[in-house]
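> Next one to model:
(4 chains)
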4 protein chains.
Amino acid sequence: MGLKTKAQYIESLRKLKPTVYMFGEKIENVVDNPRIRAGINATAATYELAEIEEHRDMMTTKSRFTGEAINRFTNPPQSIEDLVMRVKINRTLGGWVGTCFQRCTGLDCLGTLSIVTYDIDKKYGSHYNDRFIDFLKYVQKNDLAANAGVTDVKGDRSLSPQEQEDKDLYLRVVERRNDGIVVRGAKAHQTGSLSAHEIIVLPTRALRKGEEDYAVAFAIPSDTRGLIHVVGRNSLDTRELEGVDCGNMYYSKYCPTLIFNDVFVPWERVFMCGEVEFASEAVGRFSAYHRQSHGGCKSGKIDAMIGAALMMMDYNGTAKVGHHKEKIVDMIYRAETLFGCSLASSYEGRKEPSGTYFIDPVLANASKIHEGKEMAEVGRILTDIAGGYVADLPSDKDLAIPDVGPLIEKYLKGVANIPTKDRIRMLRLVEKMVMESADTISDIHGGGSAAAHRITILRESDLEYKKSCAKRLAGIE
Amino acid sequence: MGLKTKAQYIESLRKLKPTVYMFGEKIENVVDNPRIRAGINATAATYELAEIEEHRDMMTTKSRFTGEAINRFTNPPQSIEDLVMRVKINRTLGGWVGTCFQRCTGLDCLGTLSIVTYDIDKKYGSHYNDRFIDFLKYVQKNDLAANAGVTDVKGDRSLSPQEQEDKDLYLRVVERRNDGIVVRGAKAHQTGSLSAHEIIVLPTRALRKGEEDYAVAFAIPSDTRGLIHVVGRNSLDTRELEGVDCGNMYYSKYCPTLIFNDVFVPWERVFMCGEVEFASEAVGRFSAYHRQSHGGCKSGKIDAMIGAALMMMDYNGTAKVGHHKEKIVDMIYRAETLFGCSLASSYEGRKEPSGTYFIDPVLANASKIHEGKEMAEVGRILTDIAGGYVADLPSDKDLAIPDVGPLIEKYLKGVANIPTKDRIRMLRLVEKMVMESADTISDIHGGGSAAAHRITILRESDLEYKKSCAKRLAGIE
Amino acid sequence: MGLKTKAQYIESLRKLKPTVYMFGEKIENVVDNPRIRAGINATAATYELAEIEEHRDMMTTKSRFTGEAINRFTNPPQSIEDLVMRVKINRTLGGWVGTCFQRCTGLDCLGTLSIVTYDIDKKYGSHYNDRFIDFLKYVQKNDLAANAGVTDVKGDRSLSPQEQEDKDLYLRVVERRNDGIVVRGAKAHQTGSLSAHEIIVLPTRALRKGEEDYAVAFAIPSDTRGLIHVVGRNSLDTRELEGVDCGNMYYSKYCPTLIFNDVFVPWERVFMCGEVEFASEAVGRFSAYHRQSHGGCKSGKIDAMIGAALMMMDYNGTAKVGHHKEKIVDMIYRAETLFGCSLASSYEGRKEPSGTYFIDPVLANASKIHEGKEMAEVGRILTDIAGGYVADLPSDKDLAIPDVGPLIEKYLKGVANIPTKDRIRMLRLVEKMVMESADTISDIHGGGSAAAHRITILRESDLEYKKSCAKRLAGIE
Amino acid sequence: MGLKTKAQYIESLRKLKPTVYMFGEKIENVVDNPRIRAGINATAATYELAEIEEHRDMMTTKSRFTGEAINRFTNPPQSIEDLVMRVKINRTLGGWVGTCFQRCTGLDCLGTLSIVTYDIDKKYGSHYNDRFIDFLKYVQKNDLAANAGVTDVKGDRSLSPQEQEDKDLYLRVVERRNDGIVVRGAKAHQTGSLSAHEIIVLPTRALRKGEEDYAVAFAIPSDTRGLIHVVGRNSLDTRELEGVDCGNMYYSKYCPTLIFNDVFVPWERVFMCGEVEFASEAVGRFSAYHRQSHGGCKSGKIDAMIGAALMMMDYNGTAKVGHHKEKIVDMIYRAETLFGCSLASSYEGRKEPSGTYFIDPVLANASKIHEGKEMAEVGRILTDIAGGYVADLPSDKDLAIPDVGPLIEKYLKGVANIPTKDRIRMLRLVEKMVMESADTISDIHGGGSAAAHRITILRESDLEYKKSCAKRLAGIE
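I've put the predicted structure just below:
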């Protein structure tokens, strides 16, 4: 027990026996499947960095609950410093793995539940928070990775959960038993669900009276009976299976849809059950935490993207081209505004009654809209600098063919003293960072749709104060 | 002879025996390789539309050279109407195939050479234009598809062709013989080179005295000895090979690198050889024609993207959501500004001494910068509207598994009366249109880099006139 | 009669005796008021250019109605060429005056009424078109300038005209008499109403049964009894009054609010009265024509802005700075996309039943959204290039003070061989083009709000066609 | 001595006798000139807020140097808290005055000199820091406002200071005497120089050997003999002089050019003299501090702009219009990203050897580029929401005319229960915030040109780290 090494983490996943389908096959050995393994490797980096002397202080802290050293990914933030360190961890990891490391949403859930269970208990005298703290201690002691089951599949977006023809399109309680509940439904975009030991489920939207069955939060092991992981397709997803042309040598991202086919959850793992008025708070806090996290990881990914742009300039012989340098600045300033906004939301956080710290939600949500627009621009600039081979570089498999390989190598040469293979590798990395769908589309849809975040910003901003500024200056009483 | 049907076109390709490598294999049967076939299908649409009553008048015209009915894709524009019809053809085809149809660059070369060979002859008393007209008649009579070999691989971009350590990094004449020339080099991003009967080569940049070997233009069959097509990787490129999850049911795009490994070209197919001062004109005209073409095909692709967005709104139940409707307008106006600018460059074209019409280069190049920025935004909006499943939709292969298929179908349901399979298909189409690299990256790099086009705009604009406007208004003589 | 010279035009205005208030005063002599005169000068340029040999062919044509030579500003377009020439005239004039020339909206009304009166007559057997043609001949024979009274003041935007507490907030007929009608209301933003001989009024929005009093169109002389011009404030509006620091040496723009205080209109000048179902068509056509016009004049203004940027680069010594040259391209391509879209809407126009030509409304309205966003960017770039003195340049009045004038001149020196006064003049012109509110805000609000144009685009686009493209490609029947 | 009240501040200015020219006149009574007074009022707000109980803790702190309570505007930041409070003060003040409050650049100089004088002394054993601390204590004890003389007029930008034909185009030492130095030159854009007691001068650019005369920093009273304030023109600058249509009821901004016509500076006020290698550090730190300040004040101004937009929606009856609400969010998120980035640069600041704290320069400079682009968009949105009357609202002077005033009031009515005068006032405020040049152009040019900041970002970013991220992921050693 205690902090896991990277190796221990991967071993621990071997012991799980989840039900998994991918590309038409049932996957028995998840850990050694190269497609899924690339995702597991990314999560493993959160363990690996905690082993590295230089990063250990940033990555670990002492638990308020267990008194022991823990990985910060199991730590619902207990101070402003915790909030800030999270953003810095994410930036470092973003540059380290060049994609999503898939351990954030679990932490978002831990933070959310440590606040919301407390608030529910205060209103109802229930004991969700005790249960949750027990679960939290278990996670911390075993240094577990968790995944957030938030986004329901939603069916007809113009209808509420109970108005759907099929009532299961939002996850719901279908049976209440003495020992627990049975739930049915499906959660989409479950990034890293097979890299996680635990799946933590929250409601996906505000609910109202009559929708009690949908107001449910809980945690279960990722290999629980009835839980089915269907790994969806991403662009470039066969590259790891082919074992070539991966671009990112170590890491990737995958996103299952998680089907809860009448899954039993024991009461000690149920953290909300029927308290409809807290659904909105749960999803709102989760989303805000998740926006904070993106400000770190995405600016870190941009670091790697800027690095790739600079390397391509070196390799192509354009390092001194003025408009290329301007474009590097255009990438940097976008990374920094994203990072800065996320940092600020952390520094401006506040302590909730439960003792957990929450970020400033307006600052956190503002970064969402910013990210949704600006990351696409960063990718566009990187493509512009790198050149057209981002679209259609010959495969390394062709390089290995004696008849044509040497010719390809001859003609893919850039600057004379740079090995052609390095130029090829860097172009392939650019392709990965720009054209891989799972990670790029999370710039837009990660943490929920922009529309939801826009509503949050409007609600959380002090509009009356702003009106009073204008009225005073205009001389209107 | 005469206009080919779609079927005849495909049969004609079967007779060619090009040298092709793809993903580590030598491809003997190009036409039935599903990856390449999807590209051939897109080019075939240019033949198919000429068969359809409704589109025939738009697609065909009478040749000034043969006096016979020809497909406009073999017609160097001979009137303003020809210029305009091209843009309209491209818009229609863009909506028809939802991607690149890969027959434009050949036409760009025909237009370019019909002007430039004439201009060279006028200066030198050479006979390139006669040769070219013979070739053109051959193309027109046989309704051939051609491909443009323009973009050299370029090596170190800070060095000119002859300054490169390896002199072959720009294609060059390595031997002059009585019966023809031998050329060596490689051309990148050769979209549709296997869908083409002929490869037409032009210089890729301005050249100066001493670089005569690089000032070469010619045409050769796509299966000429020594010519090697290496089909590069695109995102989503295995989908056609897997035969599933293609998104676009019929069409795709592929982009070989073309290696000219000491290829012989007979003199009657040589259209420029050593006239360095015309290299700049050749590549400039080619690029401008190609910008004109993009204004059509890309606005046509946006039509399909808007259609997909509207369908997703219908399927998701968001057809009445205000901000979604605003986003549809944001897509439309970008399509129309692109289309409008390209149309205007056509209407404002002028007759060159050779009799061929050339578009207004400032208007044509302006659309390039516009496209480079705005197409990315259109894709972003489509992704926003369609939802997160663009990133990670389960494979149709999983739908076919009895244990899990029905569950996937249950949970991917949108609006109740819409078949889930239709919603899945539309999401998959969105993935294709947004995340397929060959087509999306051409928004940025197609027809050469934006930097080159920016220089052209600056050179072609009447800056002195603009200064005179300002000076007059400021009262400065 | 016949074409007026610039001098004759100005003399003709002297004969009018409009009721005018400006900045707290009743203005008796409009023509010699320097603030208003700067606007009159801009309209006068539309007469002046017709006198200049080089521009005469562009500026004039033969009337279909009078058979005589007329200024195209009095010509409802009778051919595609007329539509196209309009855009080119506007571009030339935009560069010539560097601001709005205030004769377009009248022409927009002539085009609109020549179509709509015909359509009404066809439905009702009325004789509006005859009346209108008589009026048109009068305008053409006397080469009159007209102004469009379209934008009602509107009161509470959430209420329809008849729901307003004050029924006059949309202009309406308050009395129907044997000899004519009496109207009451007010029209905002009446650019150039004092430079115009005639005011032409159209409804400002779609109307429905019960709103017959608001469905009224007519024309009256600008000095009709009861008509009150209240010249509103623009930024920089005192400069002409002070006679110094004008920036633009000759031209400016002013925008009265026009109050119709129970104004009598004889029947022969009434072109619509009660036909509510045609109100929408009238305002829609007017707006579309006006968008077309902006594509010309605003790209022409950008020509002058680019010229000013280039001059400032010459004067500041930054002509060789790379990022400044990039910015020039960023200005040019925006001018050209705007111009191109407007040209295309003209070339793609069509003949209406009345014989008048109408532009393509989707292309015309697309340019509106584009303009609204991009003109602001053009101004921003110009300011960036010109430098901080755009904000706070000392007055020429201070230059004239012996104690300090020479010191100011010493320190405002740029490049050594350039007279400081020229640099000052150019900076002042930049201030005028960037910070003058009347003209810059018309980029956003000219021709109605963007929201209205967005709705038009949505309605006029063939959305079903776009859906069919997507469905075909996705394989959905 | 000690903290000044607003009233005491204004009285203290009355005692100064600066040499001032404005719009062709010598101004003897600066404080009661309504144009200048509006600017003084804005600076006075920095005193006023310190008097208000609610804001006192934010506005004041205890001096490390005098041990007494001081206004934070005289406090070179001595802690992270000081850095953070500055941003919050600026945001509050931005909303309070709706424009620039013109006391920031002085503080930027105090921070800069407290660092740089220390660094110079360390290298040379000089005593600049002692002198500076004495000056600082004087400023703190008397609660003085200071202004930064940084931006030289610069002449030909392609030449260095000594290459200029007129050597005075960068301020320089023309005489070194026993008791002090004599300086000559001019500084542009001296916002609030007449609201300041002291003018602090720094070099404007990096300097090299041979340019010692230009490496000079000092402070002098704003009414020193030989110092001439020439108040430049801003758009809307006559409104205060007319006493009507001001928009902002209390505050405005003005920007003199400051001419140093052989001004004597005693040695005790000289803080750098000839140490060329520190010029770059001085201007770099000043600019970075100034970027930090803009993140606060501009987001505060946006608060007032959002308030004005919301009020206009209330007044126009568009409060429930969906796209207007979206636009409010578009304004909010821009305010918050700007604020967040500035806050983060403060929280991430560090202690310099002198004890003063400096912000993170990459984060601070990133906000500059962001501001330069996004503030223009905020103004555009506000104009869009408010409506066309931002351009051409009738003057309040016309409202006062019996013949026409009541008609204007009748027709400018918005929502029925809102006094028309309030709607007019709010429209006028919008005009002020959007179209007043001094404040809006500082979004682009404030704190130096964007180009300079871009170079700083490139230099201060760890590009090698970014490259190492990319190389590791691509598998390149």
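> drop to CA atoms for contacts and neighbour counts, all remaining ones
Noted.
> Going by residue numbers, what spans are strands in the stretch 151-300 of chain A?
Listed in chain order, the strands of the stretch 151-300 of chain A (DSSP state E, counting those that start in this stretch) span residues A:172-176, A:180-187, A:198-201, A:216-221, A:227-231, A:256-266, A:270-273.
> Need the winner for burial among these.
Most buried of these, by mean neighbour count (mean count of other CA atoms under 10 Å in any protein chain shown): strand A:227-231, with a mean of 27.
> so what's A:Leu227 closest to, chain neighbours aside?
A:Phe260 (4.9 Å; CA to CA, 6 or more residues apart in numbering or on different chains).
> nope, A:Glu477 is what I meant
On the basis of CA to CA, 6+ apart, the spatially nearest residue to A:Glu477 that is not a chain neighbour turns out to be A:Lys471, at 6.8 Å.
> In terms of secondary structure, what does the helix or strand encompassing that neighbour contact?
Element membership of A:Lys471, judged by DSSP states H and E, is helix A:463-474. Counting by 3 or more CA pairs under 8 Å, 6 or more residues apart in numbering or on different chains; DSSP states H and E, the packing neighbours recorded for helix A:463-474 are helix D:80-97, helix D:279-316, helix D:420-435.
> so what's whatever residue of chain A ends up closest to chain C closest to, chain neighbours aside?
Among the residues of chain A, A:Gly322 lies nearest to chain C; the distance is 6.7 Å by CA to the nearest CA. Spatially, and ignoring its direct neighbours in sequence, A:Gly322 is nearest to C:Gly322 (6.7 Å; CA to CA, 6+ apart).
> And the pLDDT for the one you found?
Model confidence at C:Gly322, given as pLDDT, is 93.
> same question, A:His370
According to the model, A:His370 carries a pLDDT of 88.
> hmm, the helix or strand containing it touching chain D?
With elements delineated by DSSP H and E, A:His370 resides in helix A:361-386, which encompasses its position. Yes: in this structure, helix A:361-386 sits against chain D according to CA under 8 Å from any CA of the partner chain; the contacting residues are A:Val362, A:Leu363, A:Ala366, A:Ser367, A:Ile369, A:His370.
> That helix: how far from the chain's middle?
16 Å (CA atoms, centre = their mean, to the nearest Å).
> and that helix with chain B, contact?
Yes: Helix A:361-386 comes into contact with chain B (CA under 8 Å from any CA), by way of A:Ala376, A:Glu377, A:Arg380, A:Thr383, A:Asp384.
> need the contact list for A:Ser114.
When contacts are counted by CA atoms under 8 Å, 6 or more residues apart in numbering or on different chains, A:Ser114 is found next to A:Pro76, A:Asn129, A:Phe132, A:Ile133, A:Ser354, A:Thr356.
> quick one: it from C:Glu198, how far?
Using CA to CA, to the nearest Å, one obtains 73 Å as the distance from A:Ser114 to C:Glu198.
> same deal with A:Val201?
When distance is defined by CA to CA, A:Val201 is 70 Å away from C:Glu198.
> Considering helices and strands only, name the one in chain A with the lowest mean pLDDT.
helix A:450-460 (a mean of 88; mean pLDDT, DSSP states H and E).
> Now do that helix against helix B:361-386: the angle between them, please.
Between helix A:450-460 and helix B:361-386, the angle formed by their directions is 80 degrees, by axes from the mean of the first three to the mean of the last three CA atoms, to 10 degrees.
> outside of helix A:450-460, which residues touch it?
Under the criterion CA under 8 Å, 6+ apart, external residues in contact with helix A:450-460 comprise A:284, A:361-362, A:365-366, A:368-369, A:372, A:444, D:326, D:328-329, D:332-333.
> one more time with 7 Å
Helix A:450-460 is contacted from outside by A:Val362, A:Asn365, A:Lys368, A:Ile369, D:Val329, using CA atoms under 7 Å, 6 or more residues apart in numbering or on different chains.
> repeat for stretch A:196-206
For stretch A:196-206, the surrounding residues in contact (CA under 7 Å, 6+ apart) are A:106, A:109, A:144-152, A:214-222, A:279-280, A:282-283.
> again with stretch A:141-148
A:1-4, A:70-71, A:74, A:103, A:105-106, A:109, A:192-193, A:196-201.
> Close to chain D: what parts of the stretch 201-350 of chain A are there?
Neighbours of chain D within the stretch 201-350 of chain A, by CA under 7 Å from any CA of the partner chain: A:247-250, A:303-308, A:310-311, A:329, A:333, A:336-337, A:340-341, A:343-344.
> how far away is A:Asp82 from A:Arg72?
Between A:Asp82 and A:Arg72 the computed distance is 8 Å (CA to CA).
> circling back to that earlier point, how far off helix D:279-316 does the helix holding A:Lys471 point, in degrees?
Comparing the axes of helix A:463-474 and helix D:279-316 via the same axes, to 10 degrees yields an angle of 100 degrees.
> For helix A:463-474, C-alpha coordinates in CSV please.
Only the C-alpha atoms of helix A:463-474 are listed here, as CSV (Å, rounded to 0.1, in the frame of the first residue of the first chain):
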residue,chain,number,x,y,z
LEU,A,463,-24.3,41.2,-13.5
GLU,A,464,-26.0,43.7,-11.1
TYR,A,465,-22.6,45.0,-10.1
LYS,A,466,-21.7,45.5,-13.7
LYS,A,467,-24.9,47.3,-14.3
SER,A,468,-24.3,49.6,-11.3
CYS,A,469,-20.9,50.6,-12.8
ALA,A,470,-22.5,51.7,-16.0
LYS,A,471,-25.4,53.4,-14.3
ARG,A,472,-23.1,55.4,-12.0
LEU,A,473,-20.9,56.6,-14.9
ALA,A,474,-24.0,57.5,-17.0
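> Show me what counts as buried in it.
A:Leu463, A:Lys466, A:Lys467, A:Ser468, A:Cys469, A:Ala470, A:Lys471, A:Arg472, A:Leu473, A:Ala474 (16 or more other CA atoms under 10 Å in any protein chain shown).
> Just give the closest residue to the first one, not the sequence neighbours.
Put plainly, it is A:Leu463. Of all residues beyond its chain neighbours, the one nearest A:Leu463 is D:Gly307 (7.0 Å), with distances taken as CA to CA, 6+ apart.
> what does the fifth one give?
Excluding its sequence neighbours, the residue lying closest to A:Cys469 (CA to CA, 6+ apart) is D:Ala304, at 5.1 Å.
> tell me the contacts of the one you found?
Applying CA under 7 Å, 6+ apart, one finds that D:Ala304 lies in contact with A:Lys466, A:Lys467, A:Cys469, A:Ala470, D:Gly95, D:Gly98.
> tell me the pLDDT at it?
Reading off the confidence values, D:Ala304 has pLDDT 97.
> try A:Glu477
Among the per-residue scores, A:Glu477 shows a pLDDT of 80.
> Repeat that for A:Gln164.
As predicted, A:Gln164 sits at a pLDDT of 98.
> Next, give phi and psi for A:Ala215.
Its backbone dihedrals place A:Ala215 at phi -90, psi 80, with angles given as degrees, to the nearest 10.
> Surely it touches A:Val270?
No: counting by CA atoms under 7 Å, A:Ala215 stays clear of A:Val270, with 11.0 Å between them.
> what about stretch A:22-40, near chain D?
No: under the criterion of CA under 7 Å from any CA, stretch A:22-40 makes no contact with chain D; the nearest approach is 12.4 Å.
> quick one: that stretch to chain centroid distance?
For stretch A:22-40, the separation from the chain centroid amounts to 19 Å (computed by CA atoms, centre = their mean).
> Out of the contacts of stretch A:196-206, which end up buried?
A:106, A:109, A:144-152, A:214-222, A:279-280, A:282-283.
> Count the residues that sit near the nearest residue to A:Val84 once chain neighbours are set aside.
Nearest non-adjacent residue to A:Val84, counting by CA to CA, 6+ apart: A:Ser346, 5.3 Å away. Residues within reach of A:Ser346, counting by other CA atoms under 10 Å in any protein chain shown, total 31.
> Make sure A:Ser346 is actually in contact with A:Asp82.
No: between A:Ser346 and A:Asp82 no contact is recorded; they are 8.6 Å apart, counting by CA under 7 Å.
> How about the contacts made by A:Ile332?
Residues in contact with A:Ile332 (CA under 7 Å, 6+ apart): none are found.
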